[in-house]
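**Q** what's the 3D shape of this:
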Amino acid sequence: MQVTCLRENLSRGLSNVLRAVPNRATLPVTQNVLLEGDDGQLKLTATNTEISISTWIGAQIEGEGTVTVPARMLNDFVNSLPGQTVSIEFKADPVGVSVTSDKFNGSINGISSDEFPPIPTVDGGSSVIIPADKFRGALERVVFAAATDDSRPVLTGVKVELKGDSYTLAAADGFRLAVEKGKLGEALESEVGVIVPAKTLAEVERLLGDGSTSVELSIDANGRSAKFRMDSSEVVTALVQGTFPDYDKLIPTSWGTKATVDLASMVQATRAASIFARDGSGIIRVMVNPGEDNGAGAMKVISRAEEVGSNENELEAAVEGDETKVAFNSKFLMDVLNVLKGDDVYLETTTPSSPGVFRSKEHDGYTHVVMPMFVQW
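**A** Numbering: from 1, shown residues only. Take a look at the predicted model:
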């Protein structure tokens, strides 16, 4: 088979699938990318057997054939070529490809596509359409809160719930919880709840940057795998098996103090406090004071490092309720502030030993809960 395509498109396609190529593999063929013609386009596929990523690029294709070649070598070589177009000739003996661009030519040995792991088919279950821009934003605000260690496997995933015409994403790592509710493109007859690996959703978020208008989520009938289909890419993943915590019980239903603060100012104050918090166990103290006689309230963002110094930043705040104080891990506080947009951030607290709840008018379906740190005041 002979394939001719734009070098830029091939480079972008390879970078899309490369994230599914494992750094180390017991199965050598998983270090390769599968190249094949598919309905007049060149299809690129990579897998680590838990997640597979496919992408399609426009190409002129003559003949038929499939081959797998080392993904990183092909990517590096394509990026080094000078021309605007690339020609790829599939070779059967030895198995591999010949890559040509202008007067540059390279031969790369491969492995037969018969040895490439089969990609699971996802059918027989539920399928919904989700608006891409809203879904990408929701992933950005939720996925980072999932656990990164495997001590509790269910917490390395994101709970995805589909009900009626809405979806809910929830991620937690034992110290924080992020939940976002959004609307589906169409109503679903049955309720669905699965745990999708956070790493998979991070890749979906990245691929949604290609300008897709929607993403189709399909879940197979036995709840073992899921597929995310975008305009020019597709991600198939194994699902996490287990029971996700009942996160609704972790969200406080009331508050004693609610402070409304300018988001940009709080980001700046927290960033400054984080510098001192590095040598102070990562602790940032937040003190909220209501104004006297209905005057403007204040929020103080404080950090101390015993042998280095201290930092105190005061912000104007609209405060409802009582005076309060609470301490947070500086990383967790910075993480949630960095994913919020809009003018204001709302912080709801009750006592120094109760969680803090962060919300934003810009994201009305978003709730972020951060557990407090216990400190000497």
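**Q** Partner strands of the helix or strand hosting Val301, with direction?
**A** If you go by DSSP states H and E, Val301 is part of strand 297-305. Here strand 297-305 has these sheet partners by DSSP bridges: strand 283-289 (antiparallel), strand 309-321 (antiparallel).
**Q** ranking those by burial, who's on top?
**A** Per-stretch averages of neighbours, counted by mean count of other C-beta atoms under 10 Å, single out strand 283-289 among the strands paired with strand 297-305, with a mean of 22. Yep, even glycine has a C-beta here, placed from its N, CA and C like the rest.
**Q** sorry, back to before: for the strand holding Val301, which outside residues touch it?
**A** 259, 261, 266, 269-270, 272-280, 283-291, 310-319, 330, 347 (C-beta atoms under 8 Å, 6 or more residues apart in numbering).
**Q** Check what contacts stretch 351-359 and list those residues.
**A** Applying C-beta under 8 Å, 6+ apart, the contact partners of stretch 351-359 are 250-252, 255-256, 286, 324-328, 336-337, 340, 345-349, 366-372, 374, 377.
**Q** same check, this time on stretch 328-345
**A** Counting by C-beta under 8 Å, 6+ apart, stretch 328-345 makes contact with 140-141, 144-145, 175-176, 178, 260-263, 266-267, 270-271, 273-274, 277-278, 282-284, 286, 303, 356, 358-363, 366, 368, 370, 372-373, all of which sit outside it.
**Q** Just the ones of these in helices?
**A** Among those, DSSP state H puts 140-141, 263, 266-267, 270-271, 273-274, 277 in helices.
**Q** Dump those residues into TSV; add pLDDT and distance to Arg152 as well.
**A** Below are those laid out as TSV (pLDDT from 0 to 100; distance: C-beta to C-beta, whole Å):
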residue	pLDDT	distance to Arg152
Glu140	97	23
Arg141	97	22
Leu263	97	32
Met266	97	31
Val267	97	31
Thr270	97	28
Arg271	97	31
Ala273	96	30
Ser274	95	27
Ala277	92	27
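**Q** tally of neighbours for Val33?
**A** The burial count assigned to Val33 is 26, neighbours taken as other C-beta atoms under 10 Å.
**Q** Please tell me I have it right and it contacts Val21.
**A** Yes: the criterion here is C-beta atoms under 8 Å, and Val33 meets it with Val21 at 7.3 Å.
**Q** list residues touching both of these two?
**A** In contact with both Val33 and Val21: 46, 71, using C-beta under 8 Å, 6+ apart.
**Q** before we move on, back to that, buried ones from the contacts of stretch 351-359, can you make that a PyMOL selection?
**A** Selecting only the buried members of the contacts of stretch 351-359 in PyMOL, with burial defined as 16 or more other C-beta atoms under 10 Å, works like this:
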select buried, resi 255+286+324+325+326+327+328+336+337+340+345+346+347+348+349+366+367+368+369+370+371+372
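**Q** so of the contacts of stretch 351-359, which ones are in strands?
**A** Of those, the ones assigned to strands by DSSP state E are 286, 324-328, 345-349, 366-370.
**Q** quick one, helices of the stretch 151-300 of the chain?
**A** In the stretch 151-300 of the chain, the segments counted as helices under DSSP state H, counting those that start in this stretch are 198-207, 263-277.
**Q** In a markdown table: those helices, plus distance to Pro70.
**A** Shown next, in a markdown table, are these (distance: least, C-beta to C-beta, whole Å):
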| stretch | distance to Pro70 |
| --- | --- |
| helix 198-207 | 21 |
| helix 263-277 | 42 |
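**Q** Dump those into a markdown table; add mean neighbour count as well.
**A** Shown next, in a markdown table, are the helices of the stretch 151-300 of the chain (neighbours: other C-beta atoms under 10 Å):
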| stretch | mean neighbour count |
| --- | --- |
| helix 198-207 | 20 |
| helix 263-277 | 19 |
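**Q** Let me know how buried Arg72 is, in neighbour terms.
**A** Look at Arg72: counted by other C-beta under 10 Å, it has 14 neighbours.
**Q** what about Gly193, how many residues close to it?
**A** Residues contacting Gly193 under the criterion other C-beta under 10 Å number 13.
**Q** which one is it nearest to, not counting chain neighbours?
**A** Spatial nearest neighbour of Gly193, excluding adjacent residues (C-beta to C-beta, 6 or more residues apart in numbering): Glu161 at 4.7 Å.
**Q** ok, the one you found touching Glu191?
**A** Yes: counting by C-beta under 8 Å, Glu161 does reach Glu191; the two are 7.5 Å apart.
**Q** Good, we can wrap up now.
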